[in-house]
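A.B. asks: Here you go, sequence then predicted model.
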There are 2 protein chains.
Amino acid sequence: MNAAILSELRAAVQDDIRLSVAPEDLAAYAYDGTWAETAPAVVVHPDSSEQTAAVLRVAHARRIPVVPRGSGTGLAGGSLPVPGAICLNLARMNRIIEISRGDSLAIAQPGVVTQDLQQAVEKLGLFYPPDPASSYQCTLGGNVATNAGGPRCLKYGVTSDYVLGLTVCLPGGAIMRLGGRTIKNVTGYNLSQLIVGSEGTLGVVTEIVLRLIPRPDAERTALATFSRMADACAAVGAMLSAGIVPLLAELMDRATIRAVEEFRSFGLPTDVEALLLIAVDGDPALAQSAIDSAADILRGAGARDVRLSRSSEESDALGEARRSVSPAIARLAPHKLGEDVAVPRSRIPEMVARLQDIARENALDIVVYGHIGDGNLHPTLLCDRRDNAVMRRVERAAGQMLEAAVALGGTLSGEHGIGVFKRDYMRLACDSEALRRMAAVKRVFDPHGIMNPGKKLPEEIEKGAE
Amino acid sequence: MNAAILSELRAAVQDDIRLSVAPEDLAAYAYDGTWAETAPAVVVHPDSSEQTAAVLRVAHARRIPVVPRGSGTGLAGGSLPVPGAICLNLARMNRIIEISRGDSLAIAQPGVVTQDLQQAVEKLGLFYPPDPASSYQCTLGGNVATNAGGPRCLKYGVTSDYVLGLTVCLPGGAIMRLGGRTIKNVTGYNLSQLIVGSEGTLGVVTEIVLRLIPRPDAERTALATFSRMADACAAVGAMLSAGIVPLLAELMDRATIRAVEEFRSFGLPTDVEALLLIAVDGDPALAQSAIDSAADILRGAGARDVRLSRSSEESDALGEARRSVSPAIARLAPHKLGEDVAVPRSRIPEMVARLQDIARENALDIVVYGHIGDGNLHPTLLCDRRDNAVMRRVERAAGQMLEAAVALGGTLSGEHGIGVFKRDYMRLACDSEALRRMAAVKRVFDPHGIMNPGKKLPEEIEKGAE
């Protein structure tokens, strides 16, 4: 990056320590939660909306790509730098500005770690439900960018359901304020919800107003194992039909159970086809009675064994099996490709069967787990990046999974985003008229295409945007 | 409207009975739920997405304004025709296409009456929560256009929280399909949520995929009266802080209580400052225990009297007092202007006090009621349109109410929309950068500005869009 531009960027952040060009710094911001790596040309660490806007003014004028970044835990390559890019590191903007009990909301900067906000509001008897698996390290800005979900989103909805207002810095340096402190608001177009899930391709979110709800008193969990996968799927449908909306309904297939059991001995049977983890929350007596009803339904649907928690502590202990999935899988192979397909709930059994076929056809090992209650599965392909033949099969299998999801009325991503890895599949899932309008909407905010280029929209659609 | 254009429109709907130019037909589509009236040039009644798109192709080419319309119950003038316009009557597109228990969703045309959908899904044990006061006659298309709410939205969220997918016909004749059948979906920008609440200014929604939830088993209600308004407001805050999220929390001020009591003798005390109607729903035993806790909180907060339901039928009977508000108010004066301000929950007492000041300063009668739980009030000014002096004061008072809401961190409309009546106040509530981008987003979908012109965006902002 040339010296004149660097000097403009330095002026934008008003401080030399907020800009890094040292190779070791560029390397430190070259990755995300995937196995891909690309070093940016410069890393800038703004600490306010004004500084962020000033950086975007320079980038817009100089036509330099900008890639916003929180903690880099994304699983679709959305925060992965592109060559020559400014990596806009928002991790220093990590202040919780306000928590209001009276208005049941929090205002936070994008670099706040999700779990830090959750713990801060829970101390006040409030609750912020979205709980991506990486909540101990991911940031709210990244959650907004991807419209992050998590297990609890079955009952409580995803990030977008909690965003009341946003401050967004735009290419050219404008600062746009959207929404506000009210729960209901139909004043103007809902640009907040357009920004949520846009993966940093429209602008940079620098302040977030989040709705909070009262903290539930208690949680109860049932862990059930099934000889047959189809019975586990049917059990979740039966539960919802009976009017029980669990806090979460998580599925693990046999390969996942075995990995978890090898990782830590929970005493899970490794000869079953499926494990369901069901949790309910609310008033302690009610949660107990709801989990008892859920257990009856699980048994009626053919569960081989049902373990029940009798306290929030026991509930937490049973949940540990689910939380162990990621580290347990990480031990199985040098690398993994974690997918994020979503299908209509009724098509889950077909999708699971199709996933197993795809793994077999491509001679790959697959573990399947995910949020069965809302049809969002994370089939994970085990692999070794150094083996080119395997990686070609992994790529083919990943494409087949996306095709299968769409064929069942589903979509490419439930909560991870499109990033770089799925953009070539967007035509599978999106109407071409909608894609053209998305590109034109991008142009409204980012006429020169500097915001996170090469992400979200298919290449030829994005190119049409310049 | 000239004969050539009429003949193109007739060809678009392929049937002469789907187009009316008779003066009596034009008069029948000249009004909405407000007191304003403007006859369109022609009324067209399409019965499919294809016919709607064909009408929009003609209108786009000929630069003729198009005003989409459901049952015309809107309260902001959003579906009011403009001179020379095509009134696009969607009421004939009233088919429920599918109700899926397995996927917990419904697919419906825009002309389906909200209550018809609710009753159809409730028969299957499912629930569609949004319940605008006009649900017995308003349509789902109108609900999507305004992002309609209602009392139950405190617990369950508004229309946007239930929209999974939309089919939208655009100026020029394109048909755009957005979203789909999955609960989670981050594939592409969320254009569905941009369309929701856009009041027919971007395109015409012709098919709606709505998420459904399990039908709650039981409902319990508490009706409490308070000598002091401030105590009633504090009671709702205390309830939410205690972790009770009621189905609804409705407020009526003294003028509203008196109107209701004169309309039908419920035995309400007419010397109190405020009435709160609190309902909870869910499992019968739990709902009973929650309403008992709510009643304790109401008493603790200073309620003079608390009536409690012991069954869903009794709950329904207590709710009748709230449902009588609209007809009761209608008897008080020849006309009324019903406002729809929203403020952060903690500012409700200040807002109520300010509303009473505004009424007094302008020598007007006002009744105040609304959804106190989410900060959305419907202060209603009583008036007689034939009295010009009064109407000038009504206009001034309405402006002062909007200014007061914004000064308290609130906004112009919680659920009715902006329409024609509030567009001139948009600059009060919206950042100018956001307004400019909204106009540019409108241009993406409607480059010639034919879709419902003169609505939603301020005039000079909208004019910039041509």
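C.D. replies: Nice, I can see it. Residues are numbered from 1 along each chain as shown, chains lettered A, B, ... in the order given.

A.B. asks: Okay, strands next: where are they in the stretch 151-300 of chain A?
C.D. replies: Under the criterion DSSP state E, counting those that start in this stretch, strands of the stretch 151-300 of chain A are mapped to A:163-169, A:175-179, A:204-211, A:213-214, A:218-226, A:248-253, A:274-282.

A.B. asks: The fifth one packs against which elements?
C.D. replies: Using 3 or more Cβ pairs under 8 Å, 6 or more residues apart in numbering or on different chains; DSSP states H and E, the elements in contact with strand A:218-226 are helix A:229-241, strand A:274-282, helix A:284-300, strand A:303-308, helix A:312-323. To be clear about C-beta, it is placed using only N, CA and C from the backbone, and glycine gets the same treatment.

A.B. asks: residues from the stretch 251-400 of chain A in reach of chain B?
C.D. replies: A:282-283, A:285-286, A:289-290, A:342-346, A:371, A:374-376 (Cβ under 8 Å from any Cβ of the partner chain).

A.B. asks: Pull out the buried residues from those residues.
C.D. replies: A:282-283, A:286, A:289-290, A:342-346, A:371, A:374-376 (16 or more other Cβ atoms under 10 Å in any protein chain shown).

A.B. asks: Dump the strands of the stretch 151-300 of chain A to a markdown table, plus distance to A:D15 and mean pLDDT.
C.D. replies: Compiled in a markdown table, the strands of the stretch 151-300 of chain A are given as follows (distance: least, Cβ to Cβ, whole Å; pLDDT from 0 to 100):
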| stretch | distance to A:D15 | mean pLDDT |
| --- | --- | --- |
| strand A:163-169 | 18 | 98 |
| strand A:175-179 | 20 | 98 |
| strand A:204-211 | 17 | 98 |
| strand A:213-214 | 39 | 94 |
| strand A:218-226 | 45 | 96 |
| strand A:248-253 | 44 | 96 |
| strand A:274-282 | 45 | 95 |
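
A.B. asks: B:G142: which of those is closest?
C.D. replies: Across those, B:G142 has its closest neighbour in strand A:175-179 (22.7 Å, Cβ to Cβ).

A.B. asks: Name the surrounding residues that touch the closest one.
C.D. replies: A:49-50, A:53, A:163-170, A:185, A:191-192, A:195, A:203, A:206, A:209, B:431, B:433-434, B:437 (Cβ atoms under 8 Å, 6 or more residues apart in numbering or on different chains).

A.B. asks: give me that answer again for 7 Å
C.D. replies: A:49, A:53, A:164-170, A:185, A:191-192, A:209, B:431, B:433-434, B:437 (Cβ atoms under 7 Å, 6 or more residues apart in numbering or on different chains).

A.B. asks: That strand pairs with which strands?
C.D. replies: Paired strands of strand A:175-179, with direction, are strand A:163-169 (antiparallel) (DSSP bridges).

A.B. asks: Packing partners of the longest helix along chain A?
C.D. replies: Counting by DSSP state H, the longest helix found in chain A is helix A:388-407. Judged by 3 or more Cβ pairs under 7 Å, 6 or more residues apart in numbering or on different chains; DSSP states H and E, helix A:388-407 is in contact with helix A:348-361, strand A:380-383, helix A:426-429.

A.B. asks: deepest of these, which one?
C.D. replies: strand A:380-383 (a mean of 24; mean count of other Cβ atoms under 10 Å in any protein chain shown).

A.B. asks: Would you pull up how far it lies from the middle of the chain?
C.D. replies: 19 Å (Cα atoms, centre = their mean, to the nearest Å).

A.B. asks: ok, now which ones touch A:M1?
C.D. replies: A:41-42.

A.B. asks: Can you tell me how far it is from A:I86?
C.D. replies: Distance, A:M1 to A:I86, using Cβ to Cβ, to the nearest Å: 8 Å.

A.B. asks: Name the residues contacting each of these two.
C.D. replies: A:41-42.

A.B. asks: Where do the domain boundaries of chain A fall?
C.D. replies: A:3-89, A:96-214, A:218-326, A:334-407, A:423-462 (automatic domain parsing).

A.B. asks: Tell me the first helix or strand C-terminal of whichever helix or strand A:A53 is part of.
C.D. replies: Taking DSSP states H and E as the definition, one finds A:A53 inside helix A:49-62. Later in the chain than helix A:49-62, the nearest helix or strand by DSSP H and E is strand A:66-69.

A.B. asks: That following strand - what's its average pLDDT?
C.D. replies: Across strand A:66-69, the average pLDDT comes to 98.

A.B. asks: what's next to it, contact-wise?
C.D. replies: By Cβ under 7 Å, 6+ apart, strand A:66-69 touches A:29, A:40, A:56, A:59, A:79, A:81-82, A:85-90, A:200, A:204, A:450-452.

A.B. asks: now do stretch A:302-318
C.D. replies: By Cβ under 7 Å, 6+ apart, stretch A:302-318 touches A:218-228, A:231, A:235, A:269, A:272, A:277, A:279, A:291, A:295, A:298-299.

A.B. asks: In ChimeraX, how would I select the buried members of those?
C.D. replies: Restricted to buried positions by 16+ other Cβ under 10 Å, the ChimeraX selection for the contacts of stretch A:302-318 reads:
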select /A:218,219,220,221,222,223,224,225,226,231,235,272,277,279,291,295,298
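
A.B. asks: Of the domains of chain A, flag the one that's most buried.
C.D. replies: Taking mean count of other Cβ under 10 Å, domain A:96-214 is the most buried of the domains of chain A, at a mean of 23.
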